[in-house]
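S.K.: Show me how the following folds:
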Amino acid sequence: MLSAEDLTVKKMMKPAIMTSLNKYVKNLKPTFVPQGKTRVPRVLILSASVGGGHTSAANAIEAALKQMSPNAIIKNADVLQFSNAAFRYIYRDGYWGVVHHAPHMLGFVYDMLDRRDHPYNVFGDRIKLLAGRFNLWPLIKLVKSEQWDIIVSTHFLPVEIVAWLKREKKLGIPQFAVITDFIPHRIWVNQPCERYFTAAPESADRLKHLGVPQNSVVVTGIPIHPRFATPRSQQHCLEELGLAADADRPTILQLAGDTGVGPIEKIYKAILSVPEPIQIALVTGRNNKAKETAEKIQAPGRHRVKIMGYTNNIHELMTASDIAVTKPGGLTSSEALACGLPVIIVEPVPGQESHNSDFLLEKGAAVKASCIDAVTEKISNLLREPEQLARMKENALLNAKPHAASKIARHILETIYNAILNK
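M.R.: Model prediction:
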């Protein structure tokens, strides 16, 4: 159990580090309008609504761009909305179907497609490009019909389409790829692409191994909303959210992603089995059925519970919490790091989430539950070892990159204005 002294240190630690980071980011906001040049930048941001992470990254970059260049013309588009219903179903619903029913098959396919030497991949890459070109003609028209200064993609699908247009000399503007997991998959690499923004030095090394020129890779972190760079106290966030601020009752945050995926009920029951008195904040995302099911479960009297659906207050919930129990999506993991929030990883999807899990474990910012039933013990062990919990918080903050979106926005605007000046 966390002592009052431990809680006091925790409350002081986050604002101190975050204030230092805020001072740093002020230096990332130069005046981007060149002397004598009045044209506003035009930026096309492309994502894909396969889970919430790619869209959240796109929204974070848009928010940072608007902070730096309020008059910029920005279009933030979901590429799947420019495809037909069949393609959307296969690409989005098909993916989630495999995640739910055959996750290990997904891991097998992920690993196979990540091999440059696999004989299938040359043929498979061609088929994948043809399918994208055939089903995304409205997107291609959008890209070509307006005079964009730059295209920024937070999903690999538009990176591939734009790279093809550039190879065919049908498009002459730069494109940037923003990778939303800690270890890049081969499928992200599509040339020509002027910049690859990635999460960490390990991520950059992987891209170089895949043949990306070193001068095209920039380590910025995974872009999360600029609000995560603003320091808040735990006490203030607890009060804002209507949660108890008892010094002897730690807050455990259970997350299920933007869409509310995974065995939410089973994990929730495992958290309820923790013997120590705790406060539980459960966020079911857009999964209303899971929210209704959880609300019907009787919580033990020693615990306090707040169950929520989709919310925009994840930054406050993470700051208010002592431990998060979640799947290790790239955006969720980056947000937890930014808030100094230790993570208990549960049931990562084989493939990208497995690599994200390894990254957090290697950095000492997370522990992994071998199964759902082990979540109970993992929480209890951390509550009984405040020194380990404090180390995990510190490790999270040391590896946090809350200003990633601002750094990417700066690169975008500098590229645009350098091009204007050179004309």
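S.K.: So for the chain, the centremost residue is which one?
M.R.: For the chain, the residue nearest the mean C-alpha position is Leu331 (1.3 Å; CA atoms, centre = their mean).
S.K.: now that one: how far from Leu46?
M.R.: Distance, Leu331 to Leu46, using CB to CB, to the nearest Å: 17 Å. Every C-beta, even on glycine, is put in place using the N, C-alpha and C of the backbone.
S.K.: Nearest spatial neighbour of the residue nearest to the centre of the chain, chain-adjacent residues omitted?
M.R.: Spatial nearest neighbour of Leu331, chain neighbours left out: Gly53 (4.0 Å); criterion: CB to CB, 6 or more residues apart in numbering.
S.K.: got the contact list for the one you found?
M.R.: For Gly53, the contact set (CB atoms under 8 Å, 6 or more residues apart in numbering) comprises 180, 258, 329-332.
S.K.: I'd like to know which of these is nearest to Glu414.
M.R.: For those, the minimum distance to Glu414 (CB to CB) is 22.1 Å, reached by Thr180.
S.K.: What ranges does this protein have for its strands?
M.R.: Remark: strands assigned in the chain by DSSP state E are 42-47, 73-78, 150-153, 175-178, 195-198, 217-219, 251-255, 279-283, 304-308, 323-326, 343-346, 366-369.
S.K.: Out of those strands, which gets nearest to Glu385?
M.R.: strand 366-369 (10.6 Å).
S.K.: Pairing partners for that closest one, with directions?
M.R.: With DSSP bridges as the test, strand 366-369 is paired with strand 343-346 (parallel).
S.K.: Distance to Tyr268 and mean pLDDT added to the strands of the chain, as CSV?
M.R.: Compiled in CSV, those are given as follows (distance: least, CB to CB, whole Å; pLDDT from 0 to 100):
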stretch, distance to Tyr268, mean pLDDT
strand 42-47, 30, 97
strand 73-78, 30, 96
strand 150-153, 36, 97
strand 175-178, 33, 98
strand 195-198, 34, 98
strand 217-219, 37, 98
strand 251-255, 6, 97
strand 279-283, 6, 97
strand 304-308, 9, 95
strand 323-326, 9, 98
strand 343-346, 11, 97
strand 366-369, 14, 97
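S.K.: Any regions of this structure where pLDDT drops low?
M.R.: Low-confidence segments of the chain (pLDDT under 70): 1-38, 96, 116-134, 423.
S.K.: domain parsing for it?
M.R.: 28-222+403-421, 233-398 (automatic domain parsing).
S.K.: Contact partners for the residue nearest to the centre of the chain?
M.R.: Going by CB under 8 Å, 6+ apart, Leu331 touches 52-53, 56-57, 180, 222, 224.
S.K.: Sort out which one of those residues lies nearest Glu292 for me.
M.R.: Of these, the one sitting nearest to Glu292 (CB to CB) turns out to be Gly52, at 20.6 Å.
S.K.: check contacts around the residue lying closest to His225 once chain neighbours are set aside.
M.R.: In space, and not counting its chain neighbours, His225 is closest to Ala60: 4.7 Å by CB to CB, 6+ apart. Ala60 is in contact with 223-226, 404-405, counting by CB under 8 Å, 6+ apart.
S.K.: Go through those and flag which are in helices.
M.R.: 404-405 (DSSP state H).
S.K.: so how many other residues sit close to Asn59?
M.R.: 19 (other CB atoms under 10 Å).
S.K.: from memory it sits against His225, does it?
M.R.: Yes. Using CB atoms under 8 Å, Asn59 is in contact with His225, at 6.8 Å.
S.K.: mind checking how far Ala63 is from Pro223?
M.R.: 9 Å.
S.K.: And those two? Which one has more around it.
M.R.: Pro223 (32 against 20).
S.K.: who wins for most neighbours among the contacts of Gly53?
M.R.: Thr180 (29 neighbours).
S.K.: Which among the contacts of Ala60 count as buried?
M.R.: Buried residues within these, defined by neighbour count using 16 or more other CB atoms under 10 Å: 223-226, 404-405.
S.K.: Now render these as a markdown table, adding distance to Ser69.
M.R.: Listed next are the buried ones among the contacts of Ala60 as a markdown table, based on distance: CB to CB, whole Å:
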| residue | distance to Ser69 |
| --- | --- |
| Pro223 | 16 |
| Ile224 | 20 |
| His225 | 17 |
| Pro226 | 14 |
| Ala404 | 18 |
| Ala405 | 13 |
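S.K.: ok so, going back, just the ones of the contacts of Leu331 in helices?
M.R.: Secondary structure from DSSP H places 53, 56-57 of the contacts of Leu331 in helices.
S.K.: Looking at the residues you listed, which is nearest Ala247?
M.R.: Ser56 (32.8 Å).
S.K.: Contacts only, for the closest one.
M.R.: 224-225, 258, 331.
S.K.: Distance to Asn76 for those residues - can I get that in a markdown table?
M.R.: Putting the contacts of Ser56 into a markdown table (distance: CB to CB, whole Å) gives the following:
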| residue | distance to Asn76 |
| --- | --- |
| Ile224 | 16 |
| His225 | 13 |
| Asp258 | 16 |
| Leu331 | 15 |
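S.K.: rewinding a little: overlap in contacts, Ala63 and Pro223.
M.R.: By CB under 8 Å, 6+ apart, the residues touching both Ala63 and Pro223 are Ala405.
S.K.: picking up where we left off before, any idea how far Thr376 is from the residue nearest to the centre of the chain?
M.R.: In terms of CB to CB, Leu331 sits 27 Å off from Thr376.
S.K.: cool, Val212 as well?
M.R.: Val212 sits 43 Å away from Thr376, taking CB to CB as the criterion.
S.K.: more neighbours, these two?
M.R.: The neighbour count for Val212 versus Thr376, taken as other CB under 10 Å, is higher for Val212 (21 against 17).
S.K.: right, and the more buried one touches Val189 too?
M.R.: Yes. Assessed by CB under 8 Å, Val212 is found in contact with Val189 at 5.9 Å.
S.K.: what's the overlap in contacts for the two?
M.R.: With CB under 8 Å, 6+ apart as the test, Val212 and Val189 both reach Tyr196.
S.K.: Just the CA atoms of stretch 362-377, as PDB, please.
M.R.: Listed next in PDB are the C-alpha coordinates belonging to stretch 362-377 (Å, rounded to 0.1, in the frame of the first residue of the first chain):
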ATOM      1  CA  GLU A 362      12.700  -3.500 -21.300                       C
ATOM      2  CA  LYS A 363      12.400   0.200 -20.200                       C
ATOM      3  CA  GLY A 364      11.100  -0.900 -16.800                       C
ATOM      4  CA  ALA A 365       7.800   1.000 -17.200                       C
ATOM      5  CA  ALA A 366       5.600  -2.100 -17.200                       C
ATOM      6  CA  VAL A 367       5.000  -5.600 -15.900                       C
ATOM      7  CA  LYS A 368       3.200  -8.300 -17.800                       C
ATOM      8  CA  ALA A 369       0.400 -10.500 -16.500                       C
ATOM      9  CA  SER A 370       0.900 -14.000 -17.900                       C
ATOM     10  CA  CYS A 371      -2.900 -14.500 -18.000                       C
ATOM     11  CA  ILE A 372      -6.000 -12.600 -16.900                       C
ATOM     12  CA  ASP A 373      -6.100 -14.300 -13.500                       C
ATOM     13  CA  ALA A 374      -2.600 -13.100 -12.800                       C
ATOM     14  CA  VAL A 375      -3.700  -9.400 -13.000                       C
ATOM     15  CA  THR A 376      -4.900  -9.700  -9.300                       C
ATOM     16  CA  GLU A 377      -1.500 -10.700  -8.100                       C
END
